[in-house]
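*Asks:* got a sequence here, can you build the structure:
(2 chains, ligands or ions: 2)
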Amino acid sequence: MSKEGVIYRISGPVVTATGMSAGMYDVVRVGNEGLMGEVIELHGEKAVIQVYEDTSGIRPGEPVINTGETLSVSLGPGLLTQIYDGIQRPLPTLEEVMGVFITRGVDADAFDLEKKWTFEAVVEKGAAVEGGQVIGHVQETETIVHKIMVPPTMSGVVKTIKSGDFNVTETVCTLEDGSEIQMMQKWPVRTPRPYRQKYAPDTPLITGMRILDFLFPLAKGGAAGIPGPFGSGKTVTQQSLAKYSDAQIVVYIGCGERGNEMTEVLDEFPHLIDPNTGKPLMNRTVMIANTSNMPVAAREASVYTGITIAEYFRDMGYDVALMADSTSRWAEAMREISSRLEEMPGEEGYPAYLSSRIAEFYERAGRVETKNGDDGSVTVIGAVSPPGGDISEPVSQGTLRIVKVFWGLDAGLARQRHFPAINWLNSYSLYPQSLNQWFRDNIAQDFPEIRTQISGLLQIEAELQEIVQLVGSDALPVDQQLTLEVARMIREFFLQQNGFHDVDAYCDINLQYSMSKAILSFQEAAKNAMAAGAQLNDVVNVPARTALMRGRFEKGYIDTIDDMVKSMVDEIAGTVEDN
Amino acid sequence: MTGKEYRTITDVKGPLVFLNKTEPVAFGEIVTIRLADGSLKNGQVLDTSDDLVIVQVFEGTAKIDRTAGVTFMGDVFKLPVSKDLVGRILDGAGRPRDGGPDIVAEENADIIGAAINPFSRQSPHDFIQTGISAIDCCTTLVRGQKLPIFSASGLPHNDIALQIARQAKLKGSDEQFIVVFCAMGITAEEYNFFRSDLERTGALENAALFVNLADDPAVERIITPRLALTAAEYLAFEHDYHVLVIYTDMTNYCDALRQIGAAREEVPGRRGYPGYMYTDLAMLYERAGIVKGKKGSITQFPILTMPGDDITHPIPDLSGYITEGQIVISRELHQQGIYPPINVLPSLSRLMGSCIGADTTREDHKSVSDQMYAAYAQGRELRGLVAIVGEDALNERDKQLLDFSGVFEDRFLRQSRDEDRSIDETLDLCWELMSSIDTKYLVRLDQKWIEKYHPDNKA
Ligand SMILES: Nc1ncnc2c1ncn2[C@@H]1O[C@H](COP(=O)(O)OP(=O)(O)OP(=O)(O)O)[C@@H](O)[C@H]1O
Ligand SMILES: [Mg+2]
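*Replies:* Ligands and ions are numbered 1, 2, ... in the order given. Down below sits the predicted model:
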């Protein structure tokens, strides 16, 4: 058997070759045009290949060449601000070569191989270095220092190392055993990158979205699933996280979704300022766009490309957040390929290995001690698009079994234009226990207790609402009517957050706390006033309360909110005298 | 490689023909099949190997037997495109249906269509005024958007589509759309309705029609929309036209997909539709948009009828996951005699935010739209309550909202089939109707707009 074989069969994105020696996950070139593919199954003489480009017009008998490499990504300075397709071809380069439509048979380097970067060595000649150890720095963007690491499989004693301007393929360091280290390294996408050990997460990923940070927090290094029917807000939520969460690096994967949504990100991000650094958001972002009409095999690969890049930045000691919109499209790509392979289907036609693939993917999230001894994390947030919005289907279920945070989007809330349409009654986070200490130390001692009070009120509201449905709210005793008003305030003032509003879209965590306290102050003041004879209607309608609630749309709210709460409390007390 | 005729058919099943002992055949290659009586059928290669070739036959496999001759045409399916497509009526496989001459190709375009590089797209932002208040105010259409109509059998979706085709324009511009109309399995009566309306208004001269009717071959429907979109892309990106693609009925298209899947014995997804239907539909819907450096645009208006009025059925469901919103037609409103019976509550235009406001429609548009929506939603909900507790149990605010929901349907939604309301007229009408509600209940309206536009303050 040789490196070169011939095509035996073509069925959509799946091609079978004969006469070629091949191993699993080898990258091959298919047909006269040399389309990129990957070996995904071996059957005696035959190698089954998934092809990352359209296969129309290809014939049996055309050549297939095994490159001998496994599907890998290129890692090095130049990743940030870039937008790639599912197999890490930069879309701007494809545009230069092919024009606005993506044709096929074109290779493109993941980043500019000629560009010179200023490498600053941080170890010296004679130093013993291990795989994953940082040997130098490159200021990649205004905000991010790219740390050049010894490839994970290498170690030894530094023979030469030099600071200066280099391109990514030039050798910057040699080891005594003769190995050479360049700024660019490759890593196979289907293999997790190594680390020393995993830690339990103990720090929240602060997102600036009140319902998430306050009620259902996600830990740095954790994993969350966002299932929801079409139009319920998965993409808006994911994009908000990409914009405002306090990760240092963001990897955004548009997996089998709309082209225009990626364009939107590309248009917006360069102009948006990261609230955590004050610099353009693009500086910390890597995008992968394999839209719904691009080849499905490349869609399958896109999540691996993304998570490998995320792990690479984690290994530099960064907190990385990865958004995958939508993991259901990735699962469907697996289903499509599997059905072409005529594999025995599992539930709803998905391959039997669906849930283990989902689990393996989310397992690549985590907070770790890196090989360099630093603390780094990958947080994964996956959107799920269940058919008909019914989460009893395999992808949702496979996801929920593994993630610890569930942000359930609700068609009913979206229809009421309650955004984010996250259902507060069935969503959950299993992290609060491990994060409470952080919230106590960094935000307020009583933060967890306040959270409990707020979510308790929402629970009570749900119970009361059932009664209201039957008898109308006027039939309830006034104290329960007040509870309903407080809960309404929680929903409209606190949980609702307009993802497109300049000010409201991002809410500082300290402000979140102040707002939650403001609600409890209202409750307290109203209770007292009503005990002294005030009318619920008057209490609810004091102008200062309206002003307080509108205040969240104004800049500088964090400085004015306390005074606004005071005025509200005073006015509510005033309603007693009116009677 | 064209020319050689094979008589090696082994099996025929549903729309598929299986044959062997061929020279290497390309995936996606076009095929003609000659029957004993000399008649021809067309098809396309779905699977190819040294041992077996599977062909999907567009016209159905009736009368095909093992003696039929199969010729491979050496190329994938291409549509001859030229500016002359405008004003023409073609059948579902791209042949003239109007008695006119064949299209003289300026170019032969692959009908599968390459994906637009997401980096090369331009975000749609130009407001299209349809003259229909419910759409312009609440689910604003943007040039380059894909916005389907979710309807059901017996509802006037065709009238709405035609009214949009007639009235759609950019605000303050006479620039007309070229309409590419694609019929998939609709009845001759429906087709005649479209055709005569386009003819009557003179729009036919500015339209290209691709027509596969109910009694035309079902499998051909797989290619009809691809032909239409290929024509649209050519006109938009080579000749700078703004193209409005109307295709109807997507449900028939999906049923044809299901038929092929079943014949291939594929493992079906939900309700028997193929597992790859999402991707397949995306290959159509994503061919809408605007690209950098080109003047033209493609706006898509797919129509689909929801089986059993069920929005969670795979056809509307998968469509909704791909398109940029949806306009939902309501049987209930239709039965109340309201035209256009658009239920704004489940309807959505996701691109609306990018095209409304002071510079494009009017400064108060967002505020007005939010308030109209909220008040109507609350009013509708109250109808349910009133049915239980009676109207007397309502407080003043609820009474006003309840009444408003009726006025909303009767005066805001309802308009005649040739009534072309400008966006200013629409928004002024909103203010007039909202003034029946006490301003203190209109919490979504900005105070400054109330001062400027509320009828009480205008007088
Ligand atoms: N946080 C939010 N603030 C304001 N509007 C929102 C918010 N979330 C969602 N929306 C509204 O809902 C629409 C749909 O949201 P989005 O595109 O995120 O849905 P999706 O769940 O990703 O749908 P699909 O599965 O079809 O991609 C948006 O266009 C916007 O109008
Ligand atoms: Mg989305």
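*Asks:* so what's residue B:305 up against?
*Replies:* B:151-153, B:155, B:157, B:249, B:251 (C-beta atoms under 8 Å, 6 or more residues apart in numbering or on different chains). For the C-beta atoms, the positions are set from N, CA and C on the backbone; glycine is no exception.
*Asks:* farthest-apart pair in the residues you listed, please.
*Replies:* Pairwise distances across those peak at 12.9 Å for B:155 and B:251 (criterion: C-beta to C-beta).
*Asks:* burial of the closest residue to ligand 1 within the stretch 301-450 of chain A, as a residue count?
*Replies:* The stretch 301-450 of chain A approaches ligand 1 most closely through residue A:419 (3.4 Å), counting by C-beta to the nearest ligand atom. For residue A:419, the neighbour count with other C-beta atoms under 10 Å in any protein chain shown is 19.
*Asks:* quick check: it touching residue A:496?
*Replies:* Yes - checked against C-beta atoms under 8 Å, the pair residue A:419 and residue A:496 is within contact range at 6.4 Å.
*Asks:* select only the buried ones of the contacts of residue B:305 in PyMOL?
*Replies:* Typed into PyMOL, the line below selects the buried ones among those, using 16 or more other C-beta atoms under 10 Å in any protein chain shown:
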select buried, chain B and resi 151+152+155+157+249+251
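*Asks:* residue contacts, residue B:212?
*Replies:* With contacts defined as C-beta under 8 Å, 6+ apart, the neighbours of residue B:212 are B:91-92, B:183-185, B:220-221, B:224.
*Asks:* closest to ligand 1 among these?
*Replies:* Nearest member of the contacts of residue B:212 to ligand 1, counting by C-beta to the nearest ligand atom, is residue B:184, at 23.3 Å.
*Asks:* pull the CA atoms of the helix or strand where that closest one lies into PDB?
*Replies:* When secondary structure is defined by DSSP states H and E, residue B:184 falls within strand B:178-186. What follows is the C-alpha trace of strand B:178-186 in PDB, where atoms were taken according to Å, rounded to 0.1, in the frame of the first residue of the first chain:
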ATOM      1  CA  ILE B 178     -37.100  42.400  -9.800                       C
ATOM      2  CA  VAL B 179     -39.300  39.600  -8.700                       C
ATOM      3  CA  VAL B 180     -38.100  36.000  -9.100                       C
ATOM      4  CA  PHE B 181     -41.000  33.800  -8.500                       C
ATOM      5  CA  CYS B 182     -40.600  30.100  -7.800                       C
ATOM      6  CA  ALA B 183     -43.600  27.800  -7.700                       C
ATOM      7  CA  MET B 184     -43.200  24.400  -6.200                       C
ATOM      8  CA  GLY B 185     -46.200  22.000  -6.400                       C
ATOM      9  CA  ILE B 186     -48.800  24.700  -6.200                       C
END
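*Asks:* for the helix or strand just after it, what is the average pLDDT?
*Replies:* Along the chain past strand B:178-186, the next helix or strand (assigned with DSSP H and E) turns out to be helix B:188-200. Model confidence over helix B:188-200, given as mean pLDDT, is 90.
*Asks:* and stretch B:132-146, by the same measure?
*Replies:* Stretch B:132-146 carries an average pLDDT of 96.
*Asks:* ok, that stretch near ligand 1 or not?
*Replies:* No - using C-beta under 6 Å from any ligand atom, no contact is recorded between stretch B:132-146 and ligand 1, whose separation bottoms out at 10.4 Å.
*Asks:* which ones are touching the residue lying closest to residue A:263 once chain neighbours are set aside?
*Replies:* Excluding the flanking residues, the one nearest residue A:263 by C-beta to C-beta, 6 or more residues apart in numbering or on different chains is residue B:121, at 4.3 Å. Neighbouring residues of residue B:121 by C-beta under 8 Å, 6+ apart: A:259-260, A:262-263, B:289-292.
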